[in-house]
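Trainee: fold the following and give me the result.
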Amino acid sequence: MASLMFVFYILVVISGIVGGGRGWAKELLVTFAILVGLALISAFESWIPFTSAFIKVGSEVQFWFRTLIIFAMAVFGYESPRMSKFAPASGKRDQIQETLLGVVLGMINGYLIAGSLWGFMHQANYPLQPYIISPENDPSLGLAASEMVRWLPTETFIGQAPGVYIIVILSFVFVLVVFL
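Mentor: Next up is the predicted model:
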């Protein structure tokens, strides 16, 4: 059985490879879509009254609600339209730059998506057991996974209301200035 930390890193690397093939512009839209999803989760859980009664903190319902939002935002982000304005450049140097920026943004997207799902599982006390077990119960990892959980997107963005909303606002300003 593979450890959760190993699967996380593999997904980040695979996302980087996919990002290299897609290019930086499309990957940037996926990054913004995931950030909007995290802000949406934060808004639902903080400000909308009927969801707080429906979704108990740390429950399996909360895990599936959050997972569904991130999955939907990732699908919509990856199904972005073709951007003719940011078509791949013709020069060899420009193509290398496009690929490298795509790899970096793809790895960031892998961190945001896989890290969010891992964080949701951690906050819900790993509801998919025995298929996915808590890294604390995996003797091969030791303290590394416990330290890693502190740096996941759920710990950084959700519940940190002003920060995530400022990031989303800046993302939309960037989209308006660069893409339109």
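
Trainee: going by C-alpha atoms from here, please, whenever you check contacts or count neighbours.
Mentor: Will do.

Trainee: element containing residue 145, please.
Mentor: Using DSSP states H and E, residue 145 falls within helix 144-149.

Trainee: same for the helix or strand just after that helix, what does it pack against?
Mentor: Heading C-terminal from helix 144-149, the first helix or strand you meet, by DSSP H and E, is helix 153-156. Counting contacts by 3 or more CA pairs under 8 Å, 6 or more residues apart in numbering; DSSP states H and E, helix 153-156 packs against helix 92-123.

Trainee: run through the neighbouring helices and strands of the helix it packs on.
Mentor: helix 4-22, helix 24-47, helix 60-78, helix 153-156.

Trainee: now do the same contact list for residue 117.
Mentor: Applying CA atoms under 8 Å, 6 or more residues apart in numbering, we find residue 117 in contact with residue 67.

Trainee: same question for residue 21.
Mentor: Contacts of residue 21 (CA under 8 Å, 6+ apart): 99, 102-103.

Trainee: show me where the protein dips below the pLDDT cut-off.
Mentor: Applying pLDDT under 70 to the chain flags the ranges 1-2, 52-53, 81-91, 137-143, 159-161, 179-180.

Trainee: thinking again about what came up before, please save the CA atoms from the helix holding residue 145 in CSV.
Mentor: Written as CSV, here are the backbone C-alpha positions of helix 144-149 (Å, rounded to 0.1, in the frame of the first residue of the first chain):
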residue,chain,number,x,y,z
ALA,A,144,6.8,14.2,8.3
ALA,A,145,3.2,13.8,7.4
SER,A,146,2.0,15.5,10.6
GLU,A,147,4.2,18.5,9.7
MET,A,148,3.0,18.4,6.1
VAL,A,149,-0.7,18.6,7.1
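
Trainee: now that helix: buried residues?
Mentor: For helix 144-149, a neighbour-count test (16 or more other CA atoms under 10 Å) marks 145, 149 as buried.

Trainee: what does stretch 54-68 give?
Mentor: 55, 58-60, 62-64, 66-67.

Trainee: start to end distance for it?
Mentor: 15 Å (CA to CA, to the nearest Å).

Trainee: name the surrounding residues that touch that stretch.
Mentor: Applying CA under 8 Å, 6+ apart, the set of residues contacting stretch 54-68 is 41, 45, 117, 120-121, 123-125, 127.

Trainee: closest to residue 176 out of those residues?
Mentor: residue 41 (23.2 Å; CA to CA).
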